[in-house]
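Q: no letters, just coordinates:
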């Protein structure tokens with residue numbers, strides 16, 4: 001059995017970035033990272049653009065201007081302005097080449113076809129220059145940039161339709177257990193509804209990993225071996241739910257050994273999630289997670305999360321940690337470090353009831369873990385505690 005930090009380091013050391021290229025439409029590229037620099041194919045903006053609703057002017061010394069026309073967004077015509085002439089203009093509309101300033105409509109007085117400006121203007125006032133945001137041929141976004149909604153909008157504004165990104169891992173989720181049935185089936189005595197695969201699937205979806213295949217096996221060694229072999233060939237990451245402990249019908253560990261999966265660790269000094277396995281075969285990672293749901297999800301956030309970030313070649317591998325003031329007390333039993341389900345808000349954290357590794361009811365309310373190392377057994381109200389923020393907090 002190893003300690004938590006050693007386990008994390010082994011995950012980092014034995015996980016390699018995928019660095020496989022795929023081409024995606026930009027509308028489907030959110031959360032991916034660019035694997036090539038993108039250079040602007042056009043100037044942005046591609047023409048002199050009005051930053052305001054107002055009037056484009058050919059400046060003169062006098063404050064009175066003649067209005068000779070109008071330019072709307074999308075118009076292609078180019079009115080020719082002499083000194084002392086103006087056109088009505090709107091935000092985003094092309095500024096005529098013969099105009100050298102735009103005044104906002106709130107700062108003028110209109111009389112018939114004349115306008116009077118209240119203050120003198122400098123040249124190019126309220127005009128967005130050609131290429132002000134980015135010039136044609138310049139670097140628009142650099143390699144390894146993670147694409148956000150803003151980034152996708154930016155690329156779309158440049159007329160880019162597809163991007164070259166790092167492929168996300170293909171992930172297999174293997175569930176084991178004779179007792180498991182699907183929701184919607186009749187719940188006979190001794191059976192329970194299977195929940196871990198849906199829980200892990202949505203944890204992955206929440207992190208924008210969507211390439212997921214499911215494998216379901218009964219407590220049968222040959223079947224377990226067959227499905228794990230299939231999963232190992234078709235995925236970059238395999239998550240096994242249950243079957244890794246030491247019971248007579250826990251076959252995952254034996255099957256992984258027969259498949260020549262290299263064990264990097266098995267069992268971590270922690271609560272929940274002690275019976276956790278991590279191994280590799282070629283470039284495929286294997287995490288055998290505890291069957292108890294809360295333990296399984298805890299291990300996902302503490303260890304699998306690291307592997308996913310490393311596979312995507314990201315710099316920040318672990319969840320955000322903060323210090324917070326506990327609003328209630330808690331007593332820890334046993335000598336293992338513990339991840340406690342908690343609610344964090346505005347620098348305060350509440351340690352929740354129901355910390356059992358088999359229970360998700362409390363976990364459903366949590367947005368954080370409070371981490372208690374082995375040398376701390378009691379938390380008192382107003383104590384400062386290490387708090388790990390869960391994704392999307």
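A: Ah, there it is. Computed from a predicted structure; not experimentally measured.

Q: drop to CA atoms for contacts and neighbour counts, all remaining ones
A: OK.

Q: all helices of this protein, in order?
A: Taking DSSP state H as the criterion, the chain carries its helices at 4-13, 149-157, 196-206, 221-234, 252-258, 293-299, 305-311.

Q: any idea which of those gets closest to residue 356?
A: Across those, the minimum distance to residue 356, taken as Cα to Cα, is reached by helix 293-299, at 7.4 Å.

Q: low-confidence ranges, the stretch 101-250 of the chain, go.
A: 178, 181, 243, 245-249 (pLDDT under 70).

Q: quick one: the strands in it, in order.
A: In chain order, the stretch 101-250 of the chain shows strands spanning 101-104, 108-111, 114-117, 127-128, 139-141, 162-166, 171-176, 180-181, 192-193, 212-217, 237-241, with DSSP state E, counting those that start in this stretch as the criterion.

Q: out of those strands, the one nearest residue 93 is which?
A: Ranking those by distance to residue 93, with Cα to Cα as the measure, places strand 127-128 first at 10.1 Å.

Q: given that closest one, what are its sheet partners and their directions?
A: Strand 127-128 has these partner strands in its sheet, going by DSSP bridges: strand 49-50 (antiparallel).

Q: ok, residue 55 touching residue 103?
A: Yes: at 5.4 Å, residue 55 and residue 103 qualify as touching, with contact defined as Cα atoms under 8 Å.

Q: more crowded one of these two?
A: With other Cα atoms under 10 Å as the criterion, residue 55 and residue 103 differ in neighbour count, and residue 55 comes out ahead with 29 against 26.

Q: contacting residues around the residue nearest to the more buried one when sequence neighbours are not counted?
A: Residue nearest to residue 55 in three dimensions, not counting chain neighbours: residue 88, with 4.6 Å by Cα to Cα, 6 or more residues apart in numbering. Residue 88 makes contact with 54-56, 67, 69-71, according to Cα atoms under 8 Å, 6 or more residues apart in numbering.

Q: so what's residue 88 scoring on pLDDT?
A: In the prediction, the pLDDT value recorded for residue 88 is 96.

Q: picking up where we left off before, could I get the strands of the stretch 101-250 of the chain in TSV, plus columns for distance to residue 335?
A: Written out in TSV, the entries for the strands of the stretch 101-250 of the chain read as follows (distance: least, Cα to Cα, whole Å):
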stretch	distance to residue 335
strand 101-104	69
strand 108-111	75
strand 114-117	77
strand 127-128	64
strand 139-141	49
strand 162-166	42
strand 171-176	30
strand 180-181	32
strand 192-193	32
strand 212-217	35
strand 237-241	26
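
Q: what's the closest of the ones you listed to residue 3?
A: Go through these one by one with Cα to Cα and the one that ends up closest to residue 3 is strand 237-241, at 21.0 Å.

Q: which residues sit against the closest one?
A: With Cα under 8 Å, 6+ apart as the test, strand 237-241 has contacts from 169-176, 196-197, 231-232, 252, 284-291, 296.

Q: what's near enough to touch residue 161?
A: In this structure, residue 161 makes contact with 25-26, 155, judged by Cα under 8 Å, 6+ apart.

Q: now do the domain split for this structure, please.
A: For the chain, the domain assignment from automatic domain parsing gives the residue ranges 4-19+168-311, 21-43+139-166, 49-128, 321-389.

Q: that older thread, bridging residues for the residue nearest to residue 55?
A: residue 55, residue 70.

Q: and it, how close does it get to residue 122?
A: Taking Cα to Cα, to the nearest Å as the measure, residue 88 falls 18 Å from residue 122.

Q: tell me, how many residues neighbour residue 235?
A: Using other Cα under 10 Å, residue 235 has 20 other residues around it.

Q: look up the closest residue to it, ignoring the ones flanking it.
A: Excluding the flanking residues, the one nearest residue 235 by Cα to Cα, 6+ apart is residue 170, at 4.8 Å.

Q: quick check: that neighbour touching residue 212?
A: Yes: checked against Cα under 8 Å, the pair residue 170 and residue 212 is within contact range at 6.1 Å.

Q: one step back: of the contacts of residue 161, buried ones?
A: Among the contacts of residue 161, those classed as buried by neighbour count (16 or more other Cα atoms under 10 Å) are 26, 155.
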